[in-house]
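Asks: Pasting the sequence and the predicted coordinates here, then a few questions.
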Amino acid sequence: MNAKVTMPDLVAQVAESTRTTKRMSELFLRELFATITQSLLDGESVSVDGLGTFKADAATGVTFTPAAALARVLNQPFEAFEPVELSDDLTDDMLAELLSPAPAEPSTEPAEPVEAAESEETQPAPKPVPAPEPQPEPEEPTMAAEQQPAGESPLATQATQATVNELQQKLSEAGRDIEDLKNSLVNMRRAFRQGLLMGAAMVLITALLALGAWALYNRFSGNGGSQAPATAQTAPKATSTDTVATPATPAPATPATPPVTETVSETNYLSLIAQRHYGLPEYWVYIYEENIDKIDNPNRVKNGTVIVVPPPEKYGINAADPASVAKAKAKSTELYNMFKNKK
């Protein structure tokens, strides 16, 4: 009656009843005990179907009220006893001494002789009656103290095989579902990882497509037709005579031509300005070099910035010359790679 079921024994019995591994049964039992403990610490009561109700009390600690079926199974061996109130001064040694059976005392009284029959002739001789065996003294009524007082749980101090069997029956269905739950969690985790990888790939592809579209838009967008490049004017050659050299007459001073300027806006950007003045949007690189002191990043020119449009002869701009176009495209690619990661 005082045998205790250890955790390894309980794990082995649950694993055998539910047909699962000991590791799985141990995890289930520890999770069950942890859930009950946490609920009790939070001031809640925990009811287990077929087992009973655990409740935390600040005054008495944790109390347990067994279920009716469990209480009936545990109290069945003690139905023949009556509860007896024990004194507070009664110790365990005194109780053990009271419960130990007293040694049997042999009977010292001689057996009574059997009277002979009046007539031995008519009646057969009676058989001798054996002496009665010594009877043990009746046990003290205090043995009924083994029964638990009313209101206390037998599960708090005793654990019987019937309790273990009852618990195994209640946990068998839950134990069979543990493997299914584990498989479901593994499948959910695998699906989540696959979805995460696919989502990241889609975001990366979308970002690359958007970046490529933006680069193509900045490179090839523009309005207006092509403009023929301006040709450089050549000064007339000085003439000389065979006889007397005449001093060169200074050319009349021509007024300085004011520089061509443009204002950057959302609809008037570098490639569009280059398209309008030089005939190709790739020549924006020379506008950037002319105004490098005003522009930190050609991809982020502030609206309202006034820039100077250099004359085409200054940088050898000629839309009809393939070498000039290739040189501008190469410089455009170089600047794009330089500023693509800068904000």
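Replies: Structure's in. What do you need?
Asks: And for stretch 295-311, what's in contact with it?
Replies: 218, 230, 259-266, 269-270, 273, 277, 284, 286-288, 290-291, 294, 335, 339-340, 342-343 (C-beta atoms under 8 Å, 6 or more residues apart in numbering). The way it works is simple: take the backbone N, C-alpha and C, and place the C-beta from them, glycine included.
Asks: what's the longest helix in this structure?
Replies: Criterion DSSP state H: the longest helix present in the chain is helix 161-220.
Asks: what angle sits between the strand or helix carrying Ala34 and helix 161-220?
Replies: According to DSSP states H and E, Ala34 maps onto helix 22-41. Orientation note: helix 22-41 sits at an angle of 90 degrees relative to helix 161-220 (axes from the mean of the first three to the mean of the last three C-alpha atoms, to 10 degrees).
Asks: which strands and helices sit next to the helix or strand that comes right after helix 22-41?
Replies: Moving toward the C-terminus from helix 22-41, the next helix or strand (DSSP H and E) is strand 46-48. With contacts taken as 3 or more C-beta pairs under 8 Å, 6 or more residues apart in numbering; DSSP states H and E, strand 46-48 sits against helix 22-41, strand 52-57.
Asks: Run a quick neighbour tally on Thr263.
Replies: Using other C-beta atoms under 10 Å, Thr263 has 11 neighbouring residues.
Asks: Next, it: phi, psi?
Replies: Note on Thr263: its backbone torsions stand at phi -110, psi 130 [degrees, to the nearest 10].
Asks: Which pLDDT value belongs to it?
Replies: On pLDDT, Thr263 comes in at 94.
Asks: likewise the one 3 residues further on?
Replies: According to the per-residue confidence, Glu266 scores 87 in pLDDT.
Asks: which non-adjacent residue is nearest it?
Replies: The shortest distance from Glu266 to any non-neighbouring residue, by C-beta to C-beta, 6 or more residues apart in numbering, is to Asn303 (6.2 Å).
Asks: Now do the one you found, the pLDDT please.
Replies: Asn303 carries a pLDDT value of 92.
Asks: what does the one 5 residues further on give?
Replies: As summarised for this prediction, Val308 has a pLDDT of 93.
Asks: now swap in Ala174 and tell me
Replies: pLDDT recorded at Ala174 is 66.
Asks: now the one 10 residues further on
Replies: pLDDT, Ser184: 74.
Asks: got it, and Thr53?
Replies: We have a pLDDT of 88 for Thr53.
Asks: Tell me how many other residues crowd it.
Replies: Neighbour count for Thr53, taken as other C-beta under 10 Å: 13.
Asks: Show the contacting residues for it.
Replies: Contacts of Thr53 (C-beta under 8 Å, 6+ apart): Ser45, Val46, Ser47, Phe64, Thr65, Ala67.
Asks: Could I have the buried ones of those residues as PyMOL selection syntax?
Replies: Only the buried entries of these go into this PyMOL selection, using 16 or more other C-beta atoms under 10 Å:
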select buried, resi 46+65+67
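Asks: Between the contacts of Thr53, which sits nearest Leu86?
Replies: Distance to Leu86 across the contacts of Thr53 (C-beta to C-beta) is lowest for Phe64, with 21.3 Å.
Asks: Could you check which helix or strand contains the closest one?
Replies: strand 61-66.
Asks: What pairs with that strand, parallel or antiparallel?
Replies: Sheet pairing of strand 61-66 (DSSP bridges) gives strand 52-57 (antiparallel).
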